[in-house]
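Chemist: Predicted model follows, preceded by the sequence.
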Amino acid sequence: MAKWRPERIDFIRDWELAISEHRQGEETYSGFFAPSSVTRNFRSKRVVGKDGIEHYVCTVDDVVLWAQTSRGGKQFQMDFEEESSVCQIGGHCE
């Protein structure tokens with residue numbers, strides 16, 4: 001989706017920012033993806049939970065970066081240039 005429909009990534013990023021601004025002052029964060037969507041090393045957004053413990057959650061940009069890896073986020077080697085990409089065939093990547 002990031003390669004063929006980047007406007008959707010922009011939409012999700014804008015949504016995440018709007019929700020964060022709306023909740024300013026609260027110690028919560030609402031992202032589009034669950035924190036467990038990516039491995040811990042790809043979670044860049046620092047938040048402090050209601051329990052006072054610091055957590056890191058993922059943003060849409062973290063998920064896009066993680067999606068370009070293999071082996072659970074350990075290797076960057078996926079080829080998004082394949083002509084048979086599902087995203088090219090009717091936008092089914094969403």
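Modeler: Sure thing, it's come through.

Chemist: What's the mean pLDDT across the helix ranked longest in the chain?
Modeler: Longest helix of the chain, by residue count under DSSP state H: helix 6-22. When pLDDT is averaged along helix 6-22, the result is 86.

Chemist: what element comes up after that helix heading to the C-terminus?
Modeler: In the C-terminal direction, the helix or strand that comes right after helix 6-22 (DSSP states H and E) is strand 45-48.

Chemist: Would you give the sheet partners of that following strand, along with the direction of each?
Modeler: strand 54-57 (antiparallel) (DSSP bridges).

Chemist: who's in contact with the partner strand?
Modeler: Y29, G31, P35, R40, R43, S44, K45, R46, V47, V48, G49 (CB atoms under 8 Å, 6 or more residues apart in numbering). Heads up, the C-betas are built off the backbone N, CA and C, glycines and all.

Chemist: Of these, just say which sits nearest to W15.
Modeler: Taking CB to CB as the measure, W15 sits nearest to G31 out of the contacts of strand 54-57, at 9.3 Å.

Chemist: residues near the closest one, how many?
Modeler: A count of neighbours around G31, defined by other CB atoms under 10 Å, yields 21.
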